[in-house]
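Undergrad: Generate coordinates for the sequence data below:
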Amino acid sequence: MILLTEVHTYMDKRYTNINSKIFDKWVEQGWEWGQPINHEVFEKAKNNDWFVLLTPTKPVPQKWFCEMKNAEILGLASGGGQQMPIFAALGAKCTVLDYSEKQLLSEKEVARRENYEIKTIRADMTNPLPFEDETFDLIFHPISNCYIEDVLPVWKECCRVLKKGGILLAGFDNGINYIFNDEETEIVHKLPFNPLKDKQLYEESIENDWGIQFSHTIEEQIAGQLQAGFILTDIYQDTNDSGRLYEFNVPTFYATRSVKR
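TA: Residues are numbered from 1 along each chain as shown. The predicted structure is shown next:
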């Protein structure tokens, strides 16, 4: 339960701490994005039979990746034991940064089970990333920046810690999900969706265990990457994996491949 002392003002900048606890709670409740892969999936990846997701349903094209053998890969807000084990099975050297203890625990459990090494770092991605310049060949960043208010600093940090020519693979929402009620039958919220600027929305988010989430514009997401120093090389859209919007094939997410100039 979120204590009132943690949220005594809806403008509390500790919203990322609240989200961290929400993620832990969701994992305990069986959240699909917090369930690690099994041994069979790991073994298939070792035989080059694999896929990973940046968005709910479409596998990331394998041509988007760098040469995986010995590649330095950062899973940014990518805990849960779903993607990093695949990359480790392909021979990459993996580091995962996440703010959820439960998500990082899943990473450690899979690494112990499959006998590979992984660096796990519990950190808030709204702060500067704890890595030297030009450390990584590839950053894998599945849908997660909807839990932070300002995404441009994250893009800038990604650019800083990637090697020249390094690849950023990112998934993000387009905001449509935020305008609907839970049943996706009625438009109930306006955009932008920002609980830090709307007390009623903040209280509703806490009451319903949504975490503190934010919609972002295409200027923030894609133009933000360009501003940070990336070249956009490919993009695709995706849908939810269930619900009315899914049934009507409404696109609600994007995935991008960008390269550091």
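
Undergrad: quick one: the strands in the stretch 151-261 of the chain?
TA: 162-173, 230-238, 253-260 (DSSP state E, counting those that start in this stretch).

Undergrad: In CSV: the ones you listed, plus mean neighbour count and distance to Gln103.
TA: C-betas here are computed from N, CA, C, even on glycine. CSV is the format used below for those (neighbours: other Cβ atoms under 10 Å; distance: least, Cβ to Cβ, whole Å):
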stretch, mean neighbour count, distance to Gln103
strand 162-173, 21, 16
strand 230-238, 15, 21
strand 253-260, 21, 20
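
Undergrad: would you list the ones you listed in TSV and tack on distance to Asn48 and mean pLDDT?
TA: Below are the strands of the stretch 151-261 of the chain laid out as TSV (distance: least, Cβ to Cβ, whole Å; pLDDT from 0 to 100):
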stretch	distance to Asn48	mean pLDDT
strand 162-173	19	98
strand 230-238	21	98
strand 253-260	20	98
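
Undergrad: Include distance to Lys58 when you put these into JSON lines, please.
TA: As requested, the strands of the stretch 151-261 of the chain are arranged in JSON lines below (distance: least, Cβ to Cβ, whole Å):
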{"stretch": "strand 162-173", "distance to Lys58": "10"}
{"stretch": "strand 230-238", "distance to Lys58": "5"}
{"stretch": "strand 253-260", "distance to Lys58": "7"}
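
Undergrad: which residues touch stretch 237-245?
TA: 55-58, 171, 174, 176-177, 180, 183-185, 246, 249-255 (Cβ atoms under 8 Å, 6 or more residues apart in numbering).

Undergrad: Quick check: end-to-end length of stretch 120-139?
TA: In stretch 120-139, first residue to last residue: 14 Å (Cα to Cα, to the nearest Å).

Undergrad: What sits closest to Lys25 if chain neighbours are left out?
TA: Asp209 (6.8 Å; Cβ to Cβ, 6 or more residues apart in numbering).

Undergrad: returning to what we had before: can you select the buried ones from the contacts of stretch 237-245 in ChimeraX?
TA: In ChimeraX syntax, the buried subset of these is picked out as below (16 or more other Cβ atoms under 10 Å):
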select :55,56,58,171,174,176,177,180,184,250,252,253,254,255
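
Undergrad: Among the contacts of stretch 237-245, which are located in helices?
TA: Using DSSP state H, the members of those that fall within helices are Tyr246.

Undergrad: Ile235 is in contact with Phe172, correct?
TA: No - using Cβ atoms under 8 Å, Phe172 makes no contact with Ile235, being 10.9 Å away.

Undergrad: any residues in contact with both of the two?
TA: Joint contacts of Phe172 and Ile235 (Cβ under 8 Å, 6+ apart) are 254-256.

Undergrad: Going by distance to Ala89, which of those residues wins?
TA: The closest of those to Ala89 turns out to be Ala255 (Cβ to Cβ; 21.6 Å).

Undergrad: from memory the closest one sits against Val52, does it?
TA: No - the pair Ala255 and Val52 fails to qualify as a contact (Cβ under 8 Å) at a distance of 10.8 Å.

Undergrad: Now Val96: which helix or strand?
TA: strand 93-98 (DSSP states H and E).

Undergrad: what packs against that strand?
TA: Applying 3 or more Cβ pairs under 8 Å, 6 or more residues apart in numbering; DSSP states H and E, one finds that strand 93-98 contacts strand 72-76, helix 84-89, helix 101-114, strand 118-122.

Undergrad: For these, give me JSON lines that also has mean neighbour count, distance to Phe140 and mean pLDDT.
TA: Converted to JSON lines, these look like this (neighbours: other Cβ atoms under 10 Å; distance: least, Cβ to Cβ, whole Å; pLDDT from 0 to 100):
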{"stretch": "strand 72-76", "mean neighbour count": "25", "distance to Phe140": "5", "mean pLDDT": "98"}
{"stretch": "helix 84-89", "mean neighbour count": "25", "distance to Phe140": "7", "mean pLDDT": "98"}
{"stretch": "helix 101-114", "mean neighbour count": "19", "distance to Phe140": "13", "mean pLDDT": "98"}
{"stretch": "strand 118-122", "mean neighbour count": "17", "distance to Phe140": "13", "mean pLDDT": "98"}
